[in-house]
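Enquirer: build me a structure from this.
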Amino acid sequence: MVSPKARRRAVSACIALCATVATLYMLAAMMGSSGDSVSHARKLHSYVTALKASALAGPQDAYATATATRPPILNSAPVYPFTSSGSASPIPGSKSASADLSRGVVLMGNGKSVRMALMAVHVLRATGCTLPVEYAYLRNELKQSHLDLLAANNITARDYWTPEIESYKWSKNSLRLGAPKVDAILSSPFQQLLFLDPDVMPLRDPTYLFETNQFRKTGALFWPDFKSTPKTSEIWKITSQPYEFEFEFESGQIVLDKSRNDVLLALKVARYFCRESAYFFKIIWGDKDAFRWGFKVAGVDYFLNKEQVVSVGVAVDWFRQTGNVTLIPSKSFDTETVNGPLDKHVTSSSGVLPRGGVYCGQNMLQMDFNDQLGPQTAPFQAKPLFMHANGIKKYYIDNIPPFQIAQMYQVPVGKTLTDLQVGSYDWLGWVRGQHHCGRLSAVAGVETVYIDFSKAYPGLNERYIEARRRFQ
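Expert: Numbering: from 1, shown residues only. You can find the predicted model right below:
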């Protein structure tokens, strides 16, 4: 019979052996990961070097020149066949469409996203925007019924499939994370374009963005996500980029000028990250990070709006799991010493959650930006521009206003979250009957405030509900 002492020794020996084996596996994985990092860093460097060298050879397409000289592993850009019926068409009576249709709006997706795209374009037209719109898709993603729906709503369907895209053999996860998005943009006939995810709701006519100083200066306008890339991320080392605090891109809305060689170069580097998504999408988050690192690695300037993205959703409790929990009015926020993108509504519409109430953020409100170059002559008050309703795309409850409560950080006047190097987001998942919930992370020294968004911006919920019913 085994004594208790011997049994304890055997258990300890087993634990020690398991720990040793686990450590060896971890070391092996780290060594393999390190080897992969070095290999991919070298390939990335070679790719970018070839692109830049070909760009210096002349104003022609960098890919066309690099094709004959670069190593076999660096595939050239495809020649995109426009297999749809033609270039995107402007709406009847459009005043902004030019003969060459060099400016327009691009959406992309599969058959499941078509009705959401119809809704987005319906809301876009309601703002007065007359830019032509196209819907980019890959072969076999749309049925004839989808094509008919798009045509009936004056949206041009464009198949951007190529044999090279087929050769990438993207996984379902890569497709889910937007690997084809850069190809959809590069292949568009529009030189200047506004890209919109189908679940983005423009709140004002965005056409003016093409005339802003920042667009003329950089040719690339991006909006922020809730989080920044941590210093410990492997991507800094792979790309040989010095660490800096900067919010990641939120790629639901992007404005680009592809007629500029520098922007085109950056997009092609972004495309490389997507093409090699089997590796890179393990350390960066899909297309949104591919755009950011594409511009960084290419050394191309871009504009990232420093106005914080605002979380918008509902407040729920055990009795009202679809929202409609009312904030308790509060006067504890002093707009003379703090500011935020919705600060004009802080004193009139802000409040605190009642006991038992929980906030569920499901949407991202993107603001416009201060376009004044040089010294500021007057205070700037940011206004809502895009509502990215990504959290309710799948989990929408009819007749329940989805934009009830807004949550934002309040920062010292004249400062931004980037200046303070703070800001993040907590993923909550399911909360008392609501799905896809999150909230701003608590930050020492920076308060968050809740605003009655329905009161601050009346009519927005009604517009969304009407459009959703019309096309769903």
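
Enquirer: only C-alpha atoms for contact and neighbour calcs from this point on.
Expert: Fine.

Enquirer: flag the shaky bits of the stretch 201-350 of the chain, pLDDT-wise.
Expert: Within the stretch 201-350 of the chain, the ranges that satisfy pLDDT under 70 run 331-348.

Enquirer: so which residues make contact with the longest strand belonging to the chain?
Expert: Determined from DSSP state E, the single longest strand within the chain is strand 358-367. Strand 358-367 is contacted from outside by 223, 307-317, 341, 353, 382-392, 403, 406-407, 431, 434, 436-439, using Cα atoms under 8 Å, 6 or more residues apart in numbering.

Enquirer: which of the residues you listed count as buried?
Expert: For the contacts of strand 358-367, a burial check counting by 16 or more other Cα atoms under 10 Å picks out 223, 307-317, 341, 353, 382-392, 403, 406-407, 431, 434, 436-439.

Enquirer: what's near enough to touch F273?
Expert: 280, 290, 294.

Enquirer: part of a helix, is it?
Expert: Yes: under DSSP: H, G, I helix; E, B strand; the rest coil, F273 falls within a helix.

Enquirer: so how far is D183 from it?
Expert: Separation of F273 from D183 (Cα to Cα, to the nearest Å): 11 Å.

Enquirer: which element follows the longest strand of the chain toward the C-terminus?
Expert: In the C-terminal direction, the helix or strand that comes right after strand 358-367 (DSSP states H and E) is strand 384-388.

Enquirer: what is that next one packed up against?
Expert: Here strand 384-388 touches strand 200-202, strand 358-367, going by 3 or more Cα pairs under 8 Å, 6 or more residues apart in numbering; DSSP states H and E.

Enquirer: quick check: closest non-adjacent residue to G356.
Expert: D317 (5.8 Å; Cα to Cα, 6 or more residues apart in numbering).

Enquirer: in stretch 354-365, what counts as buried?
Expert: Across stretch 354-365, burial judged by 16+ other Cα under 10 Å covers 357-365.

Enquirer: same question, stretch 450-465
Expert: Neighbour-count burial for stretch 450-465 [16+ other Cα under 10 Å]: 450-454, 456, 460-462, 464-465.

Enquirer: which residues sit against stretch 368-379?
Expert: Contacts of stretch 368-379 (Cα under 8 Å, 6+ apart): 212-214, 305-307, 380, 382-385.

Enquirer: now do that stretch: distance to the chain's middle.
Expert: Relative to its parent chain, stretch 368-379 has a centroid offset of 25 Å by Cα atoms, centre = their mean, to the nearest Å.

Enquirer: likewise stretch 221-231?
Expert: 9 Å.

Enquirer: that one: end-to-end distance?
Expert: Separation of the first and last residues of stretch 221-231 by Cα to Cα is 24 Å.

Enquirer: list the contacts of that stretch.
Expert: Taking Cα under 8 Å, 6+ apart as the rule, stretch 221-231 contacts 214-215, 243-251, 253-256, 302-306, 308-309, 366, 423-425, 440.

Enquirer: could I get the buried residue list for that stretch?
Expert: Along stretch 221-231, these residues count as buried under the neighbour rule (16+ other Cα under 10 Å): 221-229.

Enquirer: out of these, which is nearest to H45?
Expert: Distance to H45, by Cα to Cα, is smallest for T229 among those, at 21.0 Å.

Enquirer: any idea how far the closest one lies from V121?
Expert: 32 Å.

Enquirer: please apply the same query to K306.
Expert: 27 Å.

Enquirer: who has more neighbours out of the two?
Expert: More neighbours surround V121 than the other of K306 and V121, with 26 against 20 (other Cα atoms under 10 Å).

Enquirer: so what does the more buried one look like in phi/psi?
Expert: When quoted as degrees, to the nearest 10, the phi and psi of V121 stand at phi -70, psi -40.

Enquirer: local confidence estimate at it?
Expert: For V121, the model assigns a pLDDT of 97.

Enquirer: residues touching F247, list them.
Expert: Contact partners of F247, counting by Cα under 8 Å, 6+ apart, are 224-229, 418.

Enquirer: how does it look with 6 Å?
Expert: Residues near F247 by Cα atoms under 6 Å, 6 or more residues apart in numbering: 224, 227-228.

Enquirer: end to end on stretch 248-260, go ahead and measure it.
Expert: Chord length of stretch 248-260, first to last residue, is 23 Å (Cα to Cα).

Enquirer: gap between that stretch and the chain center?
Expert: 10 Å.

Enquirer: and that stretch, which residues are buried?
Expert: Buried residues in stretch 248-260 (16+ other Cα under 10 Å): 248-258.

Enquirer: state the mean pLDDT of stretch 185-194.
Expert: 97.

Enquirer: name the nearest of the contacts of stretch 368-379 relative to V48.
Expert: Q214 (25.5 Å).

Enquirer: how near is that closest one to D371?
Expert: 6 Å.

Enquirer: which one of those two is surrounded by more residues?
Expert: Using other Cα under 10 Å, the more surrounded residue of Q214 and D371 is Q214, with 21 against 14.

Enquirer: shouldn't that one be within a helix?
Expert: Yes: the assignment for Q214 is a helix, going by three-state DSSP.

Enquirer: what strand or helix carries H436?
Expert: strand 434-440.

Enquirer: by contact count, what packs against that strand?
Expert: Packed against strand 434-440 by the contact rule (3 or more Cα pairs under 6 Å, 6 or more residues apart in numbering; DSSP states H and E) you find strand 358-367, strand 425-431.

Enquirer: what mean pLDDT does it have?
Expert: pLDDT averaged over strand 434-440 gives 92.

Enquirer: again with stretch 356-367
Expert: For stretch 356-367, mean pLDDT is 94.

Enquirer: mind checking how far it is from the chain centre?
Expert: 17 Å.

Enquirer: ok, stretch 183-201 next?
Expert: Taking mean C-alpha positions (Cα atoms, centre = their mean), stretch 183-201 and its chain are 13 Å apart.

Enquirer: ok, K43 to K296 distance?
Expert: Separation of K43 from K296 (Cα to Cα): 16 Å.

Enquirer: ignore what I typed, I meant G178.
Expert: Taking Cα to Cα, one finds G178 at 19 Å from K296.

Enquirer: quick one: which of the contacts of stretch 221-231 sit in strands?
Expert: Counting by DSSP E, the part of these found in strands is 247-249, 253-256, 303-304, 366, 425, 440.
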